[in-house]
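Colleague: sequence first, predicted coordinates after that:
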Amino acid sequence: MPAMPISNEDVAAQFSELADLLDIEGANRFRVRAYRTAAHAIADLPDSVAARLERGTDLSELPGIGEDLAGKVAEIVETGRLSLLDEVEARVPPSLADLLDIPGISATRARRLYEELGVTGPGDLRQAAEQGRISGLKGFSDKTERDILRKLDQQISKAERVRLKTAEARVEPLAAHLRDQPAAGQVAIAGSIRRRQETCGDADLVATAEDGRETALVEALCGWEDVQEVVSRGENRASVRLSGGFQVDLRVVPAEGFGAALHYFTGALAHHLKFRQMAVERGETFNEYGIFQDEERVAGRDEEEVYGHFGLPYIVPELREDRGEIEAAREGRLPQLVRPEDIRGDLHCHTQFSDGAQSLAEMVDAAKALGYDYLAITDHCQGHAGPPGLDPDALARQADEIAALRERHPGIAILRGAEVDILEDGRLDLPDKVMDELDIVVFSIHAHLQLSPQDQTQRLLTAMDNPHGHILGHPTERILGKRGALEVDMDALIDKAAERGIILEVNANPSRLDLSDVNCRRAKERGVTLAISTDAHMTENLHFMRYGVDQARRGWLEAADIANTRTLPDLRHLLARRK
């Protein structure tokens with residue numbers, strides 16, 4: 001057994017690395033795709049795969065996981081390591097996989113760089129580019145070399161922050177463990193997780209203890225099974241690092257100051273500092289133990305009391321970034337933020353017709369179980385940069401299956417759609433006459449990410465001029481922790497969306513959350529409609545909707561700003577406006 005519990009992310013990371021290295025090695029593409037699918041399937045599960053194995057669950061029943069892959073998952077959970085990955089790493093330097101995170105470096109190019117220049121990772125790649133050796137290779141140019149250097153300069157460090165979903169998976173079981181302690185009073189997750197930031201650098205826990213037993217909670221934290229290192233420990237506080245290096249800080253406070261501590265440790269710091277300044281102006285002190293006047297606590301038991309003390313309504317954690325929320329609260333202008341229960345359907349999902357793991361019928365059944373009024377089936381089309389998509393004939397065959405499902409499921413509207421690639425010149429990779437037959441068209445970038453900011457912007461603007469496209473999918477094509485957002489003129493794109501009636505997607509996949517919260521708000525301020533969509537590739541992914549709602553709330557979005565909070569007739573009217 002491994003020394004530390006194995007998380008879903010640990011399993012997924014090993015499958016993902018194996019897929020990358022096999023791809024670089026030139027292995028069968030279906031084999032590579034199987035490991036990638038397994039990595040996504042495991043990472044996207046709502047609960048622990050290790051716990052499923054402990055319960056005796058047959059993992060081969062999971063979408064994208066057959067008997068062979070289920071055995072490999074069990075091997076990783078039991079031993080901490082996949083032996084096949086060790087075998088492949090003996091043949092292919094594992095650091096080569098990091099090259100695939102750099103836009104413009106495909107598996108074929110990575111193999112050529114390794115075989116012809118001895119490049120084994122980003123450091124070697126930078127050195128080769130700076131020495132001008134890359135442009136001499138077949139398939140590379142001076143421009144490619146310059147682009148590689150530019151992308152290396154922009155590359156996001158993988159080690160600094162983790163996805164919100166990953167942070168939750170690490171911290172929520174620990175918080176539940178503390179709540180189960182006899183000494184526990186209130187236990188809350190604070191910090192960036194509570195503010196629903198898209199990535200988190202660490203986690204904060206705030207707690208109260210019964211009968212003054214703060215030390216018991218500290219010991220419970222330090223003794224948690226996933227703790228790799230105790231960084232510091234005191235009577236009422238502790239800091240630990242979990243497996244993978246993620247840090248968790250605990251502060252145990254008196255019950256009468258719990259709200260003040262929760263406010264302080266939720267942040268953001270700039271938001272909290274404004275309250276401390278307001279307290280100073282009133283001759284008071286505001287710290288993590290309460291609000292005091294002449295050493296007498298005057299507020300702080302809960303957050304409503306904290307805000308009420310300053311004559312303000314409660315401000316939800318998602319808005320606490322010092323972006324005008326305090327002034328809006330003071331003036332009665334806080335938005336009525338969109339809620340998960342406002343969502344009536346999902347406008348972006350995939351099935352086995354392209355790269356989804358489950359059938360069209362299974363996706364419809366899952367959406368119906370969520371109580372949705374409608375679901376858009378938007379499989380990839382013919383020129384998709386990843387796995388093959390649908391050509392017009394395949395779309396026609398899918399239309400027959402959708403028609404049959406509509407007969408069997410009158411309680412949910414199944415919208416016939418497609419996710420169409422935006423080609424390098426901005427054209428959409430499906431004939432207009434075919435798109436004209438669809439209920440909804442999501443159009444997205446998946447390739448040619450190395451274009452200059454000017455060319456990339458023009459490419460998107462050209463695509464947005466096509467009257468058949470409804471929703472611009474994952475507009476900046478970022479992958480959190482791996483690939484930064486496209487360098488584009490967002491003001492120009494938002495203006496074009498407002499002008500053309502384009503809906504901008506808030507992609508709810510925890511690895512994307514694209515648009516950013518800041519761009520969500522910019523779009524709202526210019527009257528652009530947005531759609532919160534999951535980009536689901538299996539039924540479990542439909543539950544990602546809550547992450548998209550979190551992102552929308554951070555962007556000050558209300559239900560009226562969101563296309564898929566509308567009734568079906570209103571949604572159809574909105575989509576028809578494009579034509």
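Modeller: Everything's here; your move.
Colleague: OK, contacts around the residue sitting nearest the centre point of the chain?
Modeller: By Cα atoms, centre = their mean, the chain has its centre lying nearest to Pro510, at 1.7 Å. Applying Cβ atoms under 8 Å, 6 or more residues apart in numbering to Pro510 gives the contacts 163-166, 480, 544, 547. Any C-beta I mention is one placed from the backbone N, CA and C, and that applies to glycine too.
Colleague: can you confirm Asp151 is in a strand?
Modeller: Just to correct that, residue 151 is Lys rather than Asp. No. Lys151 is assigned helix when assessed by DSSP: H, G, I helix; E, B strand; the rest coil, not a strand.
Colleague: gap between the closest residue to it other than its chain neighbours and Thr567?
Modeller: Distances taken as Cβ to Cβ, 6 or more residues apart in numbering put Ile102 closest to Lys151, at 5.1 Å, once the chain neighbours are dropped. Separation of Ile102 from Thr567 (Cβ to Cβ, to the nearest Å): 45 Å.
Colleague: for this structure, what helix or strand is lowest in average pLDDT?
Modeller: Lowest on mean pLDDT, DSSP states H and E among the helices and strands of the chain sits helix 142-154, with a mean of 76.
Colleague: and that helix, which residues are buried?
Modeller: Neighbour-count burial for helix 142-154, counted by 16 or more other Cβ atoms under 10 Å, picks out 144-145, 147-148, 150-151.
Colleague: could you check how far that helix is from the centre of its chain?
Modeller: Here helix 142-154 is found 26 Å from its chain centre; the criterion is Cα atoms, centre = their mean, to the nearest Å.
Colleague: likewise for stretch 264-277?
Modeller: Here the centre of stretch 264-277 is set off from its chain's centre by 26 Å, with Cα atoms, centre = their mean.
Colleague: so what touches that stretch?
Modeller: 190-192, 194-195, 204, 206, 251, 263, 286-288, 306, 310, 317, 320-322, 325-326.
Colleague: one more pass at 7 Å, please.
Modeller: Residues outside stretch 264-277 that contact it (Cβ atoms under 7 Å, 6 or more residues apart in numbering): 190-191, 194-195, 204, 206, 251, 263, 286, 288, 310, 317, 320-322, 326.
Colleague: do stretch 397-404 as well
Modeller: Taking Cβ under 7 Å, 6+ apart as the rule, stretch 397-404 contacts 353, 360, 377, 390, 414, 416.
Colleague: quick one: low-confidence parts of this protein?
Modeller: Residues of the chain meeting the criterion pLDDT under 70: 1-5, 153-160, 383-388, 578-579.
Colleague: break it into its domains for me.
Modeller: Annotated domains of the chain cover 8-154, 162-330, 340-576 [automatic domain parsing].
Colleague: which parts of the stretch 1-150 of the chain are helices?
Modeller: 8-25, 29-43, 49-54, 67-79, 83-91, 107-117, 122-130, 142-154 (DSSP state H, counting those that start in this stretch).
Colleague: which parts of stretch 352-369 are buried?
Modeller: For stretch 352-369, the neighbour count (16+ other Cβ under 10 Å) marks 352-360, 362-364, 366-367 as buried.
Colleague: contacts for it?
Modeller: Identification of contacts with stretch 352-369 by Cβ under 7 Å, 6+ apart yields 37, 41, 63-64, 346, 349-351, 375, 377, 379-380, 384, 386-387, 389-390, 394, 398, 401-402, 405, 409, 411-412, 414, 537-539, 542.
Colleague: can you map out the helices along the stretch 251-400 of the chain?
Modeller: Going by DSSP H, counting those that start in this stretch, the stretch 251-400 of the chain shows helices at 258-266, 269-281, 303-309, 325-330, 360-369, 392-408.
Colleague: out of these, flag the one nearest Arg81.
Modeller: Shortest distance between Arg81 and the helices of the stretch 251-400 of the chain, using Cβ to Cβ, is found for helix 360-369: 32.9 Å.
Colleague: the inter-axis angle of the closest one versus helix 392-408?
Modeller: 40 degrees (axes from the mean of the first three to the mean of the last three Cα atoms, to 10 degrees).
Colleague: could you dump helix 360-369 to PDB, C-alpha only?
Modeller: C-alpha atoms of helix 360-369 as PDB (Å, rounded to 0.1, in the frame of the first residue of the first chain):
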ATOM      1  CA  LEU A 360     -26.800  10.100 -26.600                       C
ATOM      2  CA  ALA A 361     -29.500   8.400 -24.700                       C
ATOM      3  CA  GLU A 362     -27.500   8.200 -21.500                       C
ATOM      4  CA  MET A 363     -26.700  11.900 -21.700                       C
ATOM      5  CA  VAL A 364     -30.400  12.700 -22.200                       C
ATOM      6  CA  ASP A 365     -31.400  10.500 -19.300                       C
ATOM      7  CA  ALA A 366     -28.900  12.200 -17.000                       C
ATOM      8  CA  ALA A 367     -30.000  15.700 -18.000                       C
ATOM      9  CA  LYS A 368     -33.600  14.600 -17.400                       C
ATOM     10  CA  ALA A 369     -32.700  13.300 -13.900                       C
END
